[in-house]
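Q: below is the structure, and that's it, no one-letter string:
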């Protein structure tokens, strides 16, 4: 099967969150199953992609979009990267979505409209890649969500030509790509799809809604999140659309790259270790304490956080229970970036208690790995979490996570209090402060019993979170999407 995986970010080249990790690992897993996978990604400024470079393909200017080029690069994973080079749209000093000051680029509607248009073009008879047309176009999140619309338009305009099936994956409903409705003229959206059954969302244009309405199949990143987003509490205003298309919605739990996230082979760790030899984990804890200036105390319960610092991630709950976390000599290591008020509150705690609290504002891949390995317990009390990956990394690294019972957290962590024999972490029994306090008390009680804690660590490390099973489920979705494409998107 020829699969085009369209994404605005892909690790290790450009990454702002879990989507980047998924885009780096899932296509490789699909390629390992024998499929021809090509990843369409904007050529952002400063990206370094190593591999066998093919001949560039020129894309002429079209409508509001300037001329661009597709540069194919065959990388080590067996995937072909298709870098979409358009300097006026992508060669900028900021990130994929925001400028250096943290504000959305004013022309994001054009930047990601082009990404969606090129993705769709690669699934039609007019594909610019000689001899290669996608059988399935897999669009990810709002920046690629117009691809299903453009494919549906191509299918209607030239029904006698083969057109790829479309799949859209929702990584986070909170981000929907909403722009003024007059953008529909720029994007070339037909009038029939400018209403409530198409892109219209409270008088504006929603790229994500377009994808949800017109894709042949919809996936999201965990079974629980697939159920949650069909409710008003989690659907971000699109729950009705998702309920109407529930027969084409599938929740598939994300995996992790077990080559990158393996404590036995992690090149970013000072001391490798495994479930059969925990000595390295204790040495990693000591090294992390030294690196961060925390007290060198092997008996201190060290809590780790690697996260966006927002209330969605429950960081306010961590602050609210800081005294309980640090009681008895506990320690806290935080890595992340986000809400200025939360950053400031964490920074003040670190200045006040430098031997117990350390906060690194920003992102550091090496430190992220070392916190996962050196911490005793990982905190992830998110108010909603479509999937989450850190709770999986934590279990793989023998660092039992404390999580809320939402989305992928509920699907991937088994509560050790209710099931000590097979438990892998601590799941909050209710939301908010009471649930966090209860889960924390249970975690500290388990930590006080070394045999119990070691059993929970071993349970987590025995779990398999690789992409193999999930990749196979995506292939099933692709086949269902191909069948559905013959029936139309509605």
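A: Nice, thanks for sending it over. Computed from a predicted model, the values in this text were never measured in an experiment.

Q: may I have the beta-bridge partners of residue 359?
A: Beta bridges link residue 359 to residue 334, judged by DSSP bridges.

Q: ok, it - contacts?
A: By CB atoms under 8 Å, 6 or more residues apart in numbering, the contact set of residue 359 is 334, 335, 343, 346, 347, 349, 350. Quick note: C-beta positions are derived from backbone N, CA and C, even for glycine.

Q: Three-state assignment for residue 96, please.
A: coil (DSSP: H, G, I helix; E, B strand; the rest coil).

Q: sorry, back to before: in CSV: the contacts of residue 359, plus secondary structure and pLDDT.
A: Putting the contacts of residue 359 into CSV (DSSP: H, G, I helix; E, B strand; the rest coil; pLDDT from 0 to 100) gives the following:
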residue, secondary structure, pLDDT
334, strand, 98
335, strand, 98
343, helix, 96
346, helix, 98
347, helix, 97
349, helix, 98
350, helix, 98
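
Q: let me have these in TSV, extended by neighbour count and distance to residue 399.
A: As requested, those are arranged in TSV below (neighbours: other CB atoms under 10 Å; distance: CB to CB, whole Å):
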residue	neighbour count	distance to residue 399
334	26	15
335	22	14
343	17	23
346	26	20
347	14	24
349	20	21
350	19	21
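
Q: near the residue lying closest to residue 383 once chain neighbours are set aside, how many other residues are there?
A: With CB to CB, 6 or more residues apart in numbering as the criterion, residue 383 has its nearest non-adjacent residue at 5.4 Å, and that residue is residue 312. Residues within reach of residue 312, counting by other CB atoms under 10 Å, total 16.

Q: and residue 312, how far from residue 161?
A: Distance, residue 312 to residue 161, using CB to CB, to the nearest Å: 44 Å.

Q: torsion angles phi and psi at residue 309?
A: phi -90, psi 80 (degrees, to the nearest 10).

Q: over to residue 469?
A: Dihedral angles (degrees, to the nearest 10) for residue 469: phi -70, psi -40.

Q: cool, and residue 308?
A: phi -70, psi 140.

Q: check what pLDDT it gets.
A: Per-residue pLDDT puts residue 308 at 91.

Q: which stretches of the stretch 301-450 of the chain have low pLDDT?
A: 418-420 (pLDDT under 70).

Q: residue ranges of the strands in it, please?
A: For the stretch 301-450 of the chain, the strands defined by DSSP state E, counting those that start in this stretch occupy 302-309, 331-338, 357-361, 377-380, 401-403, 426-427.

Q: need those in JSON lines (columns: distance to residue 267).
A: Listed next are the strands of the stretch 301-450 of the chain as JSON lines, based on distance: least, CB to CB, whole Å:
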{"stretch": "strand 302-309", "distance to residue 267": "18"}
{"stretch": "strand 331-338", "distance to residue 267": "19"}
{"stretch": "strand 357-361", "distance to residue 267": "20"}
{"stretch": "strand 377-380", "distance to residue 267": "21"}
{"stretch": "strand 401-403", "distance to residue 267": "23"}
{"stretch": "strand 426-427", "distance to residue 267": "30"}
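
Q: let me know which of the ones you listed is the nearest to residue 154.
A: The stretch from the strands of the stretch 301-450 of the chain with the least distance to residue 154 (CB to CB) is strand 302-309; that distance is 36.9 Å.

Q: relative to the whole chain's centre, how far out is the closest one?
A: 17 Å (CA atoms, centre = their mean, to the nearest Å).

Q: correct me, but residue 438 touches residue 432?
A: No - with contact defined as CB atoms under 8 Å, residue 438 does not reach residue 432; the gap is 10.6 Å.

Q: the helices in the stretch 101-250 of the chain, which residues?
A: Ranges of helices within the stretch 101-250 of the chain are 108-121, 147-157, 183-187, 207-214, 223-228, 239-244, based on DSSP state H, counting those that start in this stretch.

Q: ok, now the stretch 301-450 of the chain?
A: Counting by DSSP H, counting those that start in this stretch, the helices of the stretch 301-450 of the chain are 315-320, 322-326, 340-352, 365-374, 390-396, 407-412, 432-447, 450-462.

Q: adding distance to residue 301, write those out as JSON lines.
A: Listed next are the helices of the stretch 301-450 of the chain as JSON lines, based on distance: least, CB to CB, whole Å:
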{"stretch": "helix 315-320", "distance to residue 301": "14"}
{"stretch": "helix 322-326", "distance to residue 301": "8"}
{"stretch": "helix 340-352", "distance to residue 301": "16"}
{"stretch": "helix 365-374", "distance to residue 301": "12"}
{"stretch": "helix 390-396", "distance to residue 301": "15"}
{"stretch": "helix 407-412", "distance to residue 301": "21"}
{"stretch": "helix 432-447", "distance to residue 301": "5"}
{"stretch": "helix 450-462", "distance to residue 301": "10"}
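
Q: what's the closest of those to residue 172?
A: Nearest to residue 172, of the helices of the stretch 301-450 of the chain and by CB to CB, is helix 407-412 at 9.8 Å.

Q: in the sheet, who's paired with residue 39?
A: residue 5, residue 81.

Q: that one: neighbour count?
A: 26.

Q: what's the pLDDT at it?
A: In this model, residue 39 carries a pLDDT of 98.

Q: list the residues that contact it.
A: Contacts of residue 39 by CB under 8 Å, 6+ apart are 5, 6, 7, 10, 23, 27, 79, 80, 81, 82.

Q: list buried residues within the residues you listed.
A: The neighbour count (16 or more other CB atoms under 10 Å) marks 5, 6, 7, 10, 23, 27, 79, 80, 81, 82 as buried among those.

Q: compute the distance between residue 204 and residue 92, please.
A: Counting by CB to CB, the gap from residue 204 to residue 92 is 25 Å.

Q: list the contacts of residue 219.
A: Here residue 219 is in contact with 167, 168, 169, 170, 249, 250, 251, 252, 474, 477 (criterion: CB under 8 Å, 6+ apart).

Q: find the nearest non-adjacent residue to residue 432, please.
A: Using CB to CB, 6+ apart, the closest residue to residue 432 is residue 317 (7.3 Å).

Q: tell me who's in contact with that neighbour.
A: Taking CB under 8 Å, 6+ apart, one finds 381, 432, 433, 436 in contact with residue 317.

Q: ok, residue 47 next?
A: 13, 14, 83.

Q: 7 Å instead?
A: Contacts for residue 47 were tallied using CB atoms under 7 Å, 6 or more residues apart in numbering; they are 13, 14.

Q: and the gap between it and residue 20?
A: 12 Å.

Q: likewise residue 487?
A: For residue 487 relative to residue 20 (CB to CB), the value is 34 Å.

Q: where does the residue of the chain most remote from its centre land on pLDDT?
A: Among residues of the chain, the one most distant from the C-alpha centroid is residue 160; the distance is 37.1 Å, by CA atoms, centre = their mean. At residue 160, the model reports a pLDDT of 86.

Q: now it: phi and psi?
A: phi -80, psi -10.

Q: hmm, residue 66 is touching residue 86, no?
A: Yes - the criterion here is CB atoms under 7 Å, and residue 66 meets it with residue 86 at 6.2 Å.

Q: between those two, point out the one with more neighbours.
A: residue 86 (20 against 14).

Q: neighbours around the residue nearest to residue 265 when sequence neighbours are not counted, how many?
A: Excluding its sequence neighbours, the residue lying closest to residue 265 (CB to CB, 6+ apart) is residue 272, at 6.8 Å. By other CB under 10 Å, the residues close to residue 272 number 17.

Q: I figured residue 272 hits residue 280, correct?
A: Yes - contact criterion CB under 7 Å: residue 272 and residue 280 qualify, at 5.5 Å.
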